[in-house]
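> Using only what follows, build the 3D model:
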Amino acid sequence: QLQLAESGGALVQPGGSLRLSCAASGFRLDTIGIGWFRQAPGKEREGVACISRGGGVRKYADSVKGRFTISSDNAKGTVYLQMISLKPDDTAVYYCAAPARFTFQTMCDPDNMDYWGKGTLVTVSS
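Modelled structure (predicted):
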């Protein structure tokens, strides 16, 4: 059973940076696709940044391209989300999630994720 645990959420000022971590256990990271998703108050959950099995393909939401970077450390079993130039609109609970069956077409679709962490809160405010 895949288990995911996020950490690193915090209050940060606009323009600031933050790195989130997702510790994965139960599966080797290089055998699964995994991604970061977020849900802001009153909004639907959305895919932010996702990485394919083996790390060869990465997908980003248009709103975070050039500012967020997803990476994985297979030896540590950890996936990271490096965020820079943060904006108030980035305020949300951030989750990492993975599908039971990976496809490139649905790799960043929250409706196709089967395993979820509990989330970590990121607040961007002055």
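> OK, contacts around the nearest residue to Ala24 once chain neighbours are set aside?
Closest residue to Ala24 apart from its sequence neighbours, by Cβ to Cβ, 6 or more residues apart in numbering: Gly77 at 5.1 Å. Yep, even glycine has a C-beta here, placed from its N, CA and C like the rest. Contact analysis of Gly77 by Cβ atoms under 8 Å, 6 or more residues apart in numbering lists 23-25, 28-29.
> mind checking pLDDT for Gly56?
Looking at Gly56, its pLDDT reads 86.
> Any idea what the residue nearest to the spatial centre of the chain is bridged to?
By Cα atoms, centre = their mean, the chain has its centre lying nearest to Trp36, at 1.6 Å. Beta-bridge partners for Trp36, by DSSP bridges, are Ala49, Cys96.
> what sits against it?
20, 22, 47-50, 68, 70, 79, 81, 94-96.
> what does Asp90 give?
Neighbour list for Asp90: 38, 64, 83, 122, 124 [criterion: Cβ under 8 Å, 6+ apart].
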